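Asks: Please find the sequence and the predicted model below.
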Protein chains: 2
Amino acid sequence: PLRRKHDERSAVFADLSREEYLQVQQFMLKQNNLEISTNQISKPSDNFLFLIDLSVPKKADVLAYLDRNGAKPTREATVVVFYGAKGYIKEYVVGPLPNPTYVNDVTMERYHKELPISARTVTIGEYNLLFQFLGDVFTKLGKIMKESFDMGPDKQLNAFEQMPRGVRTGDRKTWISFFRDMSGMYIHPVGFEVLVDHQSVNASEWKVEMLLYNGQYFDSIDALKDKYDKDLVKKIVYKESPDYGSLKPRNKPLQVGPQLFNAEGKRYSVSNNHVVYMDWSFAFGLSALTGMRVFDVRFNDERIVYELSVQEAMSVYGSVTPGMILTKFLDSSIGIGRFAHELVRGVDCPYEASYVDTYRYIDVPKPVRFRNSICIFEHNMGQPLRRHFSDFFHHSYGGMVNSALVFRTITAIGNYDYMWDFIFYQSGSVEAKVHATGYISSSYLVDGALRHGHQVAEKVLGNIHTHFINFKVDLDVLGVKNFFQTKDMEYVNVSLPWMPDHYAMVPQLVEKQLKTEKEAALRYDTKTPRYLHISSNKTNRWGHQRSYRLQVFSFTGDNLPESQAEERAMSWARYKVAITKHKDGEQTSSSLYSQNDIWSPAVDFSKYIEDNESIEDEDLVAWVTTGFLHIPHSEDIPNTVTVGNGGGVLLRPHNYFDMDPSIHSADSVYLSPG
Amino acid sequence: PLRRKHDERSAVFADLSREEYLQVQQFMLKQNNLEISTNQISKPSDNFLFLIDLSVPKKADVLAYLDRNGAKPTREATVVVFYGAKGYIKEYVVGPLPNPTYVNDVTMERYHKELPISARTVTIGEYNLLFQFLGDVFTKLGKIMKESFDMGPDKQLNAFEQMPRGVRTGDRKTWISFFRDMSGMYIHPVGFEVLVDHQSVNASEWKVEMLLYNGQYFDSIDALKDKYDKDLVKKIVYKESPDYGSLKPRNKPLQVGPQLFNAEGKRYSVSNNHVVYMDWSFAFGLSALTGMRVFDVRFNDERIVYELSVQEAMSVYGSVTPGMILTKFLDSSIGIGRFAHELVRGVDCPYEASYVDTYRYIDVPKPVRFRNSICIFEHNMGQPLRRHFSDFFHHSYGGMVNSALVFRTITAIGNYDYMWDFIFYQSGSVEAKVHATGYISSSYLVDGALRHGHQVAEKVLGNIHTHFINFKVDLDVLGVKNFFQTKDMEYVNVSLPWMPDHYAMVPQLVEKQLKTEKEAALRYDTKTPRYLHISSNKTNRWGHQRSYRLQVFSFTGDNLPESQAEERAMSWARYKVAITKHKDGEQTSSSLYSQNDIWSPAVDFSKYIEDNESIEDEDLVAWVTTGFLHIPHSEDIPNTVTVGNGGGVLLRPHNYFDMDPSIHSADSVYLSPG
Ligand SMILES: [Ca+2]
Ligand SMILES: [Ca+2]
Ligand SMILES: [Ca+2]
Ligand SMILES: [Ca+2]
Ligand SMILES: [Cu+2]
Ligand SMILES: [Cu+2]
């Protein structure tokens, strides 16, 4: 028996359906003047329809619809076209669905500048050409490739590319590292890297700019061949590698472990993109770019969070080998949600979880269904949510087990798998968590490499790197008008009232209200007040401002110094928490175009703060950064484990309710002596 | 089917059995010269046998026994006698069990000073007299008590005492606060507090030193009566209070939540005080004073942790009311393990968990059995321990669910319940976690009180306080001779090898080895390297020192300033992590005598560091502090929830194994396209 009803209006947050993607695609193809291709192996010089995604409706329109019986917001799609033929990228809004009548160029409105074609994500079409290009390189280097890596007709090397692709705007020069064609290729580097300049949209103009072989640089393919033949090169002699990257079980299952079991059925319900669970309800979606998100999160029908969403996953690597020297991955430019694949029952989520399919349109000729790519389940956390045993005065016991709803996707972006969890507790808290697993990124062990990590296998360096994750937390505490408060303690010397000549240092509560965006941009490297609150000026029964507290769990390394040109594309990582005034035009902290034009990023988060707006009695958004410093070690082989490798933020009621709402849970248990 | 065998030698770490307690008690009673009483309501002026507990055998003896076929260490008990008649406390070692022949006074050896009787814990016997004393106070104040609090023959107030009991050594002056006789009395303060001087072991000399009524101080009972009768007092007029502290369910159960289910039986085994689980094995115990502990923790038969134990739970409170102005609770002086009561199946631990009884002898006339006071279970954490999905080059999936063994007690020390978990993961990590739940401590709301917290109920202030928890982590990484290493990152400006005029800031690994105890005492208020390691000089397959990393999860508030006399009794809280050279004489970071002689503590942890010994190639012990700042809020009523209110330390293999040991787990799953 459910306590809440589903709300069909949550459809305003729903991802586009297969039909809607097709409606938009067909409408775009009808615009003859645009000359757009939807062929997946379009060439870079074509005009390629790269992305169709929900255009999230304006918040004011949604709130009018949900809260004040306003009109249903127009259903619209964002469309991204890479105009290879014209040298730029355009972002459009197409609507109204299901029968589009307009296509508006919103590029300037959203990014305040034109987007150069060099800022585009590498498409399947471009990869196709790159692999052909590399094939030619291998052919030219046939003898070296055979002797060093045993390459031949039946045996390939696999490529893994490093980003950014160069050092300045316009660059598209990619160091491509090569790996053995084995499971977990990412931890089988061979010691060969090629710098390919593929800036031109015309692949015939692409060229090899540099090569790295066993730690030695060569200006050209011929130079490498020549020196190799003259024995002026420290040669790599092919040797088979043990299959240490394999995830195949080494032992047979003996006895299954503990399983979750819903003896009396599920206590939550999923209808379209809406979930109800105990006192909770929320809408959900999965952006192909930024990933998992929920909207209109309500407890007891009262909205607490308007939007909670993944924004970006970023890593900065250290190395002596050329690709990884510069490597700074900005995953949302490749697409985080794009890689939310099928979840495996009983491993990725409990066997009894509910699984939801998603549909995406990114770098494809038609919408693609991703079966079981979201899971939802109630989990028994194996511990009490609260309990008290009393043996003084009153002999009794009261408590309840911590059962909570987990909303999960796992996105496997190349080597790494990020597990994303939003957890809804019966005590009114919501938690956003991320854990990393999958393969580390590695490089071939050369002289000096150990300054940047640890050796983790024969000739393999696990490179030091950071994991920075950004979440958008648009809390609306009793409406959109909120304040940002901090609370902490300080010791104050006080005279004891009953012996005034005696003094003691006594903890006091220190409360502050931060007034502007700059004040409320809490840098990761400074001391931060221990309690951070988004507050309403409405008070609870005891006169305290009702609020939700943000508790951040983070183990990040240092952010890239601001002296680096690349830093502005990841300027959100300067802050543990930054509070901005909500704007529909500031929908995300990163962008699709940040990775490939990292030096002039389409979105520089720090600009959201630069105008230093008032954050008093405004619609506030908290941008939360978490993550961890990763110094790879032998136990990262074959895969990094999730235990200890994560971070998150817990949103907790603080003087929001008049008492802990879990007291009303039907899971409460009370025992008293007979 | 279990992979490991039980080891009977783990009995050296076992708590004393009921028979052993009795053997020791009888032997002590036979020492006529000591004139000891075991009567539970002994008077403070009696010589009272307060405690019998295992005397943990010397580490060298245990290691000789376990590792080198040495003799079995002598089984001995620690005995604490409060010599009220003589004015001091003595600690003895009694042995050998089962037939004791000696009783050695070890007070000086252990504490390097005599222990004054004023340092003793308040016993049931002393409470008995205190309640009689308070009864007289109430009688004298009959009219006020009736009018203000409706006290009468059928209606009492309950007492809750604040500590420390005064401001200097020898003091035993306790502010006792009164609370309504309702469930969750701790959140029903009435506004009446009495300062009782009970320093004399002769109760007839006890006196009321001061009273607080509704925020006003009075020198004597008569002064309060007099002013009350003359209407010179702001009177409290009795009013019934709603039963907001009750933990009784407000709703009927509708549908049970998800349960843990061992479809094919348990995969661990408990035999006496020894546990085996997958590759893990360990011995366990529960000290009446410090609480839960495990010894000789092995993975794959290789010892990793010699001892992992709870040491202390400390809180510093802030208030304007007199008791709580000074309040600094040091729970191990009352006994943490002492309050490990029966765990409730299905709430405190999963229904299918294994439950273990414990026996204690503390402030009792005979050993007491605590049924089901430890639970052990394998938990499905509801997430993968590791996984990777590959859709590039190799299409496959490998992963395994995170099932781990949880070892738990919950200790309800007055108002608070601490949940203690040691968790054993298949990836070779061990985690020590603590969460707080139960009732907050509160005070009657008077003028100025809001500087120290938030109002949480009618006339009730939830007082700001810290939770500091100390764990002892005696890792032995490949033997006892270890090093303390730190690792972190730093950005270094390097010229790009293929374009030398271009520079970039690149993350480098920074490794240090700290050489002395003072260097390795990492203060909580300073920047700490992100990776902390206990290392062997033995290397793994790739030449890196094999190590375990300590990852601390902590949200502590500020430690009490060192200017305060009370601080030395909690000096372990200065450090996130402090590394000392192991000594049998430095068994604990706190002591039974710290609370009641907080100004001259029997153990001052900072002295372990003061001699600044070398920590290179020595047996190292890490003392880890965690906890959180607690600013109570309305959702702490009726109980604080565990979510977000905790801390811990994760011990992780780091270049210890040649690869992640979970790869050998039979739980591994691998899928590849048919
Ligand atoms: Ca702004
Ligand atoms: Ca907001
Ligand atoms: Ca020392
Ligand atoms: Ca050690
Ligand atoms: Cu990593
Ligand atoms: Cu607390």
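Replies: Everything's here; your move. Given the structure is predicted, the values throughout are model-derived calculations rather than measurements. Numbers count the residues shown, from 1 in each chain, chains lettered A, B, ... in the order given. Ligands and ions are numbered 1, 2, ... in the order given.
Asks: Where do the strands of the stretch 351-500 of chain A begin and end?
Replies: With DSSP state E, counting those that start in this stretch applied, the stretch 351-500 of chain A shows strands at A:354-362, A:368-390, A:396-413, A:416-424, A:430-438, A:442-444, A:453-457, A:460-463, A:465-475, A:483-496, A:499-514, listed in chain order.
Asks: so who does A:Asn273 touch?
Replies: Residues counted as contacts of A:Asn273 (CB atoms under 8 Å, 6 or more residues apart in numbering or on different chains) are A:10-11, A:13-15, A:283-285. C-betas here are computed from N, CA, C, even on glycine.
Asks: One more pass at 6 Å, please.
Replies: When the contact criterion is CB atoms under 6 Å, 6 or more residues apart in numbering or on different chains, the partners of A:Asn273 are A:10, A:14, A:283-284.
Asks: what does A:Gln23 give?
Replies: Residues near A:Gln23 by CB under 6 Å, 6+ apart: A:97-98.
Asks: Reduced to three states, what does it come out as?
Replies: When classified by DSSP: H, G, I helix; E, B strand; the rest coil, A:Gln23 comes out as helix.
Asks: can you tell me how far the nearest residue to A:Glu613 once chain neighbours are set aside sits from A:Phe484?
Replies: Spatial nearest neighbour of A:Glu613, chain neighbours left out: A:Lys581 (4.6 Å); criterion: CB to CB, 6 or more residues apart in numbering or on different chains. Look at A:Lys581 and A:Phe484: by CB to CB, to the nearest Å, they are 11 Å apart.
Asks: Give me the more crowded residue out of those two.
Replies: Counted by other CB atoms under 10 Å in any protein chain shown, A:Lys581 and A:Phe484 do not tie: A:Phe484 has more neighbours, with 26 against 18.
Asks: surely the more buried one meets A:Ile615?
Replies: Yes - using CB atoms under 6 Å, A:Phe484 is in contact with A:Ile615, at 5.4 Å.
Asks: shared neighbours, these two?
Replies: A:520, A:579.
Asks: Need the strands of the stretch 351-500 of chain A in TSV (columns: distance to ligand 1).
Replies: Output for those, formatted as TSV (distance: least, CB to the ion, whole Å):
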stretch	distance to ligand 1
strand A:354-362	30
strand A:368-390	32
strand A:396-413	29
strand A:416-424	26
strand A:430-438	23
strand A:442-444	40
strand A:453-457	39
strand A:460-463	36
strand A:465-475	14
strand A:483-496	13
strand A:499-514	14
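Asks: can you list those strands in a markdown table and add distance to B:Ser634 and mean pLDDT?
Replies: Below are the strands of the stretch 351-500 of chain A laid out as a markdown table (distance: least, CB to CB, whole Å; pLDDT from 0 to 100):
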| stretch | distance to B:Ser634 | mean pLDDT |
| --- | --- | --- |
| strand A:354-362 | 34 | 98 |
| strand A:368-390 | 14 | 96 |
| strand A:396-413 | 18 | 96 |
| strand A:416-424 | 20 | 97 |
| strand A:430-438 | 18 | 98 |
| strand A:442-444 | 51 | 97 |
| strand A:453-457 | 48 | 98 |
| strand A:460-463 | 48 | 98 |
| strand A:465-475 | 18 | 98 |
| strand A:483-496 | 14 | 97 |
| strand A:499-514 | 15 | 97 |
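Asks: so which of those strands gets nearest A:Leu650?
Replies: Using CB to CB as the criterion, the shortest distance between A:Leu650 and the strands of the stretch 351-500 of chain A is 4.7 Å, found for strand A:430-438.
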